[in-house]
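Enquirer: I'll drop the sequence and a predicted model, then ask my questions.
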Amino acid sequence: MEDFWMTPLAEFGRWGDGFVPRVDVKEEENNIVVSAELPGMDQKDIDLTVTNNTVRIAGEKKHEEEREERGYYRHETSYGSFERMIDLPTEVEEEKAEAEFRNGVLTIRLPKSEEAQAKQKKIKIKSA
């Protein structure tokens, strides 16, 4: 049970104080969908590539400099350059990938390759 509580802290320590976007990867019938939280970023500051069934999201979350630093009780907002490499669970058609950035969330829809879709088989469940 100790590992459960240590995992978030271990990841925080590994990433340090820089900005690291959180991602979700979801498999649908014909697509893989990757969503990344990029709050406070502009679309122009994000670089997105798909190569060899790996999604690379990179960019920089910029910090607007303010001279007035007094008054902070707690300052946990992180900034800086980042890069996330996400291995996909199946082959995709990279040239048909689509991405949308809305309300600080980048959503990438990657159609599965025909071979990957052909490997899927619906299994009938019998009742006992």
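Expert: Cool, the structure landed.

Enquirer: Distance check, the most centrally placed residue in the chain against residue 71.
Expert: In the chain, the residue lying closest to the centroid (C-alpha atoms, centre = their mean) is residue 23, at 2.8 Å. Going from residue 23 to residue 71 by C-beta to C-beta, to the nearest Å gives 33 Å. For the C-beta atoms, the positions are set from N, CA and C on the backbone; glycine is no exception.

Enquirer: Just the helices from this protein, written as ranges.
Expert: 2-15, 114-118 (DSSP state H).

Enquirer: Which of the ones you listed has the lowest mean pLDDT?
Expert: The stretch with the lowest mean pLDDT among the helices of the chain is helix 2-15, at a mean of 43.

Enquirer: what number of residues lie near residue 97?
Expert: 18 (other C-beta atoms under 10 Å).

Enquirer: measure stretch 46-62 end to end?
Expert: 11 Å (C-alpha to C-alpha, to the nearest Å).

Enquirer: Same check on stretch 26-42?
Expert: 24 Å.

Enquirer: Next, the contact list for the closest residue to the residue nearest to the centre of the chain other than its chain neighbours, please.
Expert: Using C-beta to C-beta, 6 or more residues apart in numbering and skipping residues adjacent in sequence, the residue nearest residue 23 is residue 36, 4.7 Å away. By C-beta atoms under 8 Å, 6 or more residues apart in numbering, the residues touching residue 36 are 21-24, 57, 84, 105-106, 108.

Enquirer: now these as JSON lines including distance to residue 117?
Expert: Shown next, in JSON lines, are the contacts of residue 36 (distance: C-beta to C-beta, whole Å):
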{"residue": "21", "distance to residue 117": "29"}
{"residue": "22", "distance to residue 117": "28"}
{"residue": "23", "distance to residue 117": "23"}
{"residue": "24", "distance to residue 117": "21"}
{"residue": "57", "distance to residue 117": "25"}
{"residue": "84", "distance to residue 117": "26"}
{"residue": "105", "distance to residue 117": "26"}
{"residue": "106", "distance to residue 117": "25"}
{"residue": "108", "distance to residue 117": "18"}
